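Undergrad: Mind looking at a prediction? Sequence and model below.
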Amino acid sequence: MRIVIVYLVASLMFTSIGLRSATAEEPKAPEGFTVLFNGKDLAGWHGMPHFDPRELAAMGEPQRKMKINEWTADARQHWTVQNHELINDGHGAYMTTDRDFGDMELLIEYKTVAKADSGIYLRATPQVQIWDFTKEGGKWEIGADKGSGGLWNNSPGAPGKDPLVLADKPFGEWNKVRIVQVGSRTTVYLNDKLVVNHAVMENFWDRSAPLLGRGPIQLQTHGGEIRWRNIYVREISAAEAVKILANGGPAAGSTAASTGFKPLFDGKSLEGWAGAVDGYQVVDGSVRCKQGGGGVLHTKDEYGDFAARFEFKLPPGGNNGLAIRYPGQGDTAYVGMCELQILDNESPQYAKLDARQYHGSAYGMAAAKRGFLHKPGEWNFQEVTIKGSTIKVELNGSMILDTDLAKITEYLGNSPHPGKTRTSGYFGFAGHGDAVEFRNISIRRIESEK
């Protein structure tokens, strides 16, 4: 279940702090963006330190309110507004938005001082790093020499942990940051230079789970003065998120994610497909399971290790599946390596399913994480990677399944899955009578990685 962080607005405590400037210009958001910091006071923000958002969400309302008020009172001692700048003295609780955000684009400027260390928390999770990049700052041994903008809390060696280039400006100058967050994938530009390219931001609070689906933005305080200004946000729609993911990220010309993928569907016909062709139809450039029809529509070619990418759209209550290493007949959930569920998780009719039956799960064997589907009627982007006995499912930019079927010993209903050890077979869709749609379907063999 998606964890939704509930915050009680505490920003009224800040309204007396702001000092209006007669000379500086008030923030004016670019087209499509909204102002997060109004340049006058701290309306829309409250205090919160480095704190597990799951723990906060689990609190009762009175306890949560008391905690937020306590943090906000602490923040008041260390944050001020002057000349349309949000200023922190290097101490106190972090400035935290009252609003939660999912997929978004964030614009922000900052100016800091020597030996300071700060950052931007996304969805209440650390962080896009900001620090002193000079040798005199004393942190070269932990990566400061590479500069700011990286996802410093990612695991050692993980993409995004270190920035691609050193892009910091000298102390005393303003730095511009642009962050595009889609699912768990983060892209960061620092001073118009790409420093993180569509890398997975790890969930600091639980590295076995994806980044939280939603959460607040936090401005970290950490031992030195930092000033912020021109803070703007734009929420990214499901349709735009799919385009970004399909392109391999928002960076211009980003095509790495599509390298080696070959189209499986021409958008016009079912040429190249076999099996239950009568149970599907081509409608407006997508393959749609006929209402009341279905069966397994599969490729004519077999695949061993592979990655498949596609977009899909669920009607309310929609149910379908991915046939993985399907032998060509029988129920792919059992005779194939598996069936990966395609399901409207929030439909009331599915409220009491086993966890191994929800979207992205290896049916009856391994449960996927929930809370990352777009609403019924909206397109989703998914990539599935099959290597040996392992399966990875990335949905809308978040890894919801990472499992090894060779290690599965317990099954739903104690039903055996004799096909789970198959090393090759067909790829396809296992329709169950609902008008689920698929488009932009492509596949890549992973021959060299066997």
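TA: Looks like it came in fine.
Undergrad: wait, residue 40 sits on residue 81?
TA: Yes: here residue 40 reaches residue 81: they are 6.6 Å apart, a contact under Cβ atoms under 8 Å. C-betas here are computed from N, CA, C, even on glycine.
Undergrad: who's more crowded, these two?
TA: Shown here are residue 40 and residue 81; by other Cβ atoms under 10 Å, residue 81 has more neighbours (20 against 16).
Undergrad: Please enumerate the strands of the stretch 201-350 of the chain.
TA: Per DSSP state E, counting those that start in this stretch, the stretch 201-350 of the chain carries strands over the ranges 218-219, 226-235, 262-263, 273-275, 280-283, 286-289, 295-303, 306-313, 319-326, 338-343.
Undergrad: Which one, of the ones you listed, ends up nearest to residue 404?
TA: Closest to residue 404 of these is strand 338-343 (Cβ to Cβ; 11.9 Å).
Undergrad: C-alpha coordinates for that closest one, CSV please?
TA: Below are the C-alpha coordinates for strand 338-343, written out as CSV (Å, rounded to 0.1, in the frame of the first residue of the first chain):
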residue,chain,number,x,y,z
CYS,A,338,5.4,-17.3,-14.7
GLU,A,339,2.6,-14.9,-15.3
LEU,A,340,3.4,-11.3,-14.2
GLN,A,341,0.2,-9.7,-13.1
ILE,A,342,-1.4,-6.8,-14.9
LEU,A,343,-4.1,-5.7,-12.6
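Undergrad: could you point out which element follows that strand?
TA: strand 379-387 (DSSP states H and E).
Undergrad: Check which residues of that next one are buried.
TA: 379, 380, 381, 382, 383, 384, 385, 386 (16 or more other Cβ atoms under 10 Å).
Undergrad: pull the CA atoms of that strand into CSV?
TA: Taking Å, rounded to 0.1, in the frame of the first residue of the first chain, the C-alpha atoms of strand 379-387 are listed here in CSV:
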residue,chain,number,x,y,z
TRP,A,379,-1.2,4.9,-19.5
ASN,A,380,1.6,3.3,-17.5
PHE,A,381,5.2,2.5,-18.4
GLN,A,382,6.7,-0.8,-17.5
GLU,A,383,10.0,-2.6,-18.1
VAL,A,384,10.5,-6.3,-17.3
THR,A,385,14.0,-7.9,-17.2
ILE,A,386,14.4,-11.7,-17.2
LYS,A,387,17.8,-13.2,-16.5
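Undergrad: Are there helices or strands packed against it, and which ones?
TA: helix 238-246, strand 306-313, strand 319-326, strand 390-395 (3 or more Cβ pairs under 8 Å, 6 or more residues apart in numbering; DSSP states H and E).
Undergrad: Quick one: closest of the ones you listed to residue 194.
TA: Closest approach to residue 194 among the helices and strands packed on strand 379-387 is made by helix 238-246 (14.3 Å; Cβ to Cβ).
Undergrad: what about residue 78, how many residues close to it?
TA: Counted with other Cβ under 10 Å, the neighbours of residue 78 add up to 17.
Undergrad: Assign residue 136 to helix, strand or coil.
TA: Of the three states, residue 136 takes helix under DSSP: H, G, I helix; E, B strand; the rest coil.
Undergrad: Could you report the distance from it to residue 113?
TA: 12 Å (Cβ to Cβ, to the nearest Å).
Undergrad: need the longest helix for this protein.
TA: helix 61-76 (DSSP state H).
Undergrad: got the buried residues for that helix?
TA: By neighbour count with 16+ other Cβ under 10 Å, helix 61-76 contains the buried residues 64, 67, 68, 71, 72, 74, 75, 76.
Undergrad: is it possible to export those residues to CSV including distance to residue 365?
TA: CSV is the format used below for these (distance: Cβ to Cβ, whole Å):
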residue, distance to residue 365
64, 38
67, 40
68, 42
71, 43
72, 47
74, 48
75, 47
76, 52
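Undergrad: Closest one of those to residue 126?
TA: residue 71 (16.4 Å).
Undergrad: Now do the contacts for the closest one.
TA: 46, 47, 48, 49, 93 (Cβ atoms under 8 Å, 6 or more residues apart in numbering).
Undergrad: among those, which are in helices?
TA: Cross-referencing the contacts of residue 71 against helices under DSSP H gives no overlap.
Undergrad: Please check those and keep the buried ones.
TA: If you count burial by 16+ other Cβ under 10 Å, the buried members of those come out as 46, 47, 48, 93.
Undergrad: Show me the beta-bridge partners of residue 232.
TA: According to DSSP bridges, the residues that bridge with residue 232 are residue 35, residue 107.
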